[in-house]
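> sharing a sequence plus its predicted fold:
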Amino acid sequence: MSTDKVENIARVVANHGTELTLATESGDRIVASPKKKLGLIVTGDLVQWHPEEHGNARVTEVLDRHGTLARTDRLGHAKPIAANVSQLLAVTAPKPPFDTLLIDRYCIAAHNIGADLAVVINKEDLIDGDTAQQADDIESLYSKIGYPVVRCSVKQDHGLDNIRKILNDQVSILVGQSGVGKSSLLNALLPEQGIKTGPLSVNSGLGRHTTTVTNWYDLPNSGAIIDSPGVRQFSLEHLAGVDIQAGFREISTLAASCKFNDCSHVHEPSCAVLDALAADEISAQRYQHFQQLAGASDPSGG
Ligand SMILES: Nc1nc2c(ncn2[C@@H]2O[C@H](COP(=O)(O)OP(=O)(O)O)[C@@H](O)[C@H]2O)c(=O)[nH]1
Ligand SMILES: [Mg+2]
Ligand SMILES: [Zn+2]
């Protein structure tokens, strides 16, 4: 039987290095190897494939991508984590401690790939006297900027319906520190999939690294969700200063009113950002994170 001419479209639902798992249009899962020279194929990619002899399958082409989430690799280049992402779900929790600098990095990443972002405050059951104010501050800060903020406790099965609403019609990727409950959340949303989660390790307070491959899961009604191990240490050094600034929506809007086009918002006269900061109209924390991340970025855009 000649199988040469049969080309099909499928979604990459996992990348195991040399082999890809594809979800075909009929919903089957098949394992396929990419043709040489196709470059890095990531979870979320749509590909063309054809069957080969002995039950093998070959990926022959990668279709155009949108929303490729990338981080900076060891050489300072962008390394794709997942493709065709439309929303980042930035998960945070009182344990391991809230990390707003990381949330701000995800805001930048989302903006630069044209994706939405929502903040999820998980482990509400662990919020106590010390962390209650921090949770409230995160909620008011990010909602004021215009990001949806949802609180939940996967453990107590609370708040998950609000998350389901945010996930509708989106390809969302779960991002956040290890141990905040990303895989647990996924498990609660898709109990039939049996996703591995890790207990918090006693020593570090961080979850065990149980997510080893970036996986795509179709949601029951519409949309999909991606769980990835590549989002924990998430640096953005491959982005230029202008990309960093654009990711801070409220600062970027104000910057248009600064006297100088190339205003760094540190010492210039008639700086709309500094004026807003002095008037308490923008968050000092966000401003500080902006300066920290813009200062570390590649001025040439790398
Ligand atoms: N107390 C509490 N623990 C949770 C909650 N959600 C997840 N966990 C626990 O946090 C640990 C890390 O979860 P995991 O889903 O592996 O985190 P991931 O690294 O972000 O994927 C596990 O022991 C979970 O049982 C929650 O809402 N409350
Ligand atoms: Mg995980
Ligand atoms: Zn300025």
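Received, thanks. Keep in mind it's a predicted model, so treat the numbers as computed, not measured. Numbering: from 1, shown residues only. Ligands and ions are numbered 1, 2, ... in the order given.
> who are the packing partners of the helix ranked longest in the chain?
Assignment by DSSP state H gives helix 129-145 as the longest helix of the chain. On a contact count with 3 or more C-beta pairs under 8 Å, 6 or more residues apart in numbering; DSSP states H and E, helix 129-145 meets helix 100-112, strand 116-121, strand 149-151, helix 284-296. Where C-beta positions appear, they are placed from N, C-alpha and C, glycine not excepted.
> can you lay out the ones you listed as a markdown table showing mean neighbour count and distance to ligand 1?
Shown next, in a markdown table, are the helices and strands packed on helix 129-145 (neighbours: other C-beta atoms under 10 Å; distance: least, C-beta to the nearest ligand atom, whole Å):
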| stretch | mean neighbour count | distance to ligand 1 |
| --- | --- | --- |
| helix 100-112 | 22 | 12 |
| strand 116-121 | 23 | 10 |
| strand 149-151 | 19 | 10 |
| helix 284-296 | 17 | 22 |
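> closest one to ligand 2 among those?
strand 116-121 (13.8 Å; C-beta to the ion).
> got the angle between the closest one and helix 100-112?
Inter-element angle recorded for strand 116-121 and helix 100-112: 160 degrees (by axes from the mean of the first three to the mean of the last three C-alpha atoms, to 10 degrees).
> distance from the chain centre to strand 116-121, please.
10 Å (C-alpha atoms, centre = their mean, to the nearest Å).
> again, but for stretch 12-19
On C-alpha atoms, centre = their mean, the centre of stretch 12-19 falls 19 Å from the chain's centre.
> ok, now stretch 286-299?
19 Å.
> chain center to the helix or strand of the chain with the lowest mean pLDDT, what's the gap?
Within the chain, no helix or strand scores below strand 69-72, which has a mean of 88 by mean pLDDT, DSSP states H and E. Its chain's C-alpha centre and that of strand 69-72 lie 9 Å apart, by C-alpha atoms, centre = their mean.
> returning to that earlier point: ok, residues contacting the longest helix of the chain?
Around helix 129-145, the neighbours that count as contacts under C-beta atoms under 8 Å, 6 or more residues apart in numbering are 92, 94, 98, 100, 103, 119, 121, 124, 127, 149, 151, 249-250, 283, 285-286.
> between the residues you listed, which is closest to ligand 3?
Nearest member of the contacts of helix 129-145 to ligand 3, counting by C-beta to the ion, is residue 250, at 12.8 Å.
> neighbours around that closest one, how many?
18 (other C-beta atoms under 10 Å).
> check which helices and strands the helix or strand where it lies sits against.
Using DSSP states H and E, residue 250 sits within helix 249-255. Applying 3+ C-beta pairs under 8 Å, 6+ apart, we find helix 249-255 packed against helix 241-247, helix 272-278, helix 284-296.
> rerun at 10 Å
helix 100-112, helix 129-145, helix 241-247, helix 272-278, helix 284-296 (3 or more C-beta pairs under 10 Å, 6 or more residues apart in numbering; DSSP states H and E).
> tell me the angle of the first one relative to helix 284-296?
Computed by the same axes, to 10 degrees, the angle separating helix 100-112 from helix 284-296 equals 70 degrees.
> oh, and call the first residue 53 from now on, that's how I've got it
With the count now opening at 53, the last piece we talked about shows up as helix 152-164.
> quick one, what contacts the residue lying closest to residue 173 once chain neighbours are set aside?
Of all residues not flanking residue 173 in the chain, residue 203 sits nearest, at 4.6 Å (C-beta to C-beta, 6 or more residues apart in numbering). Residues counted as contacts of residue 203 (C-beta atoms under 10 Å, 6 or more residues apart in numbering) are 171-176, 179, 187, 190-191, 210-211, 214-215.
> can you rerun that using 7 Å?
By C-beta atoms under 7 Å, 6 or more residues apart in numbering, the contact set of residue 203 is 173, 176, 211.
> neighbours around the residue nearest to the second one when sequence neighbours are not counted, how many?
So that's residue 176. Nearest non-adjacent residue to residue 176, counting by C-beta to C-beta, 6+ apart: residue 205, 4.2 Å away. As a burial measure, residue 205 scores 19 neighbours (other C-beta under 10 Å).
> and residue 171, how far is that from residue 196?
12 Å (C-beta to C-beta, to the nearest Å).
> how far is the lengthiest strand in the chain from where the chain is centred?
Longest strand in the chain by number of residues, with DSSP state E as the criterion: strand 60-67. Mean-position distance between strand 60-67 and its chain equals 20 Å (C-alpha atoms, centre = their mean).
> strands paired with the helix or strand following it, and their directions?
Counting by DSSP H and E, the next helix or strand C-terminal to strand 60-67 is strand 72-76. Next to strand 72-76 in the sheet, as set by DSSP bridges, lie strand 60-67 (antiparallel), strand 81-86 (antiparallel).
> since that was my last question, I'll sign off now.
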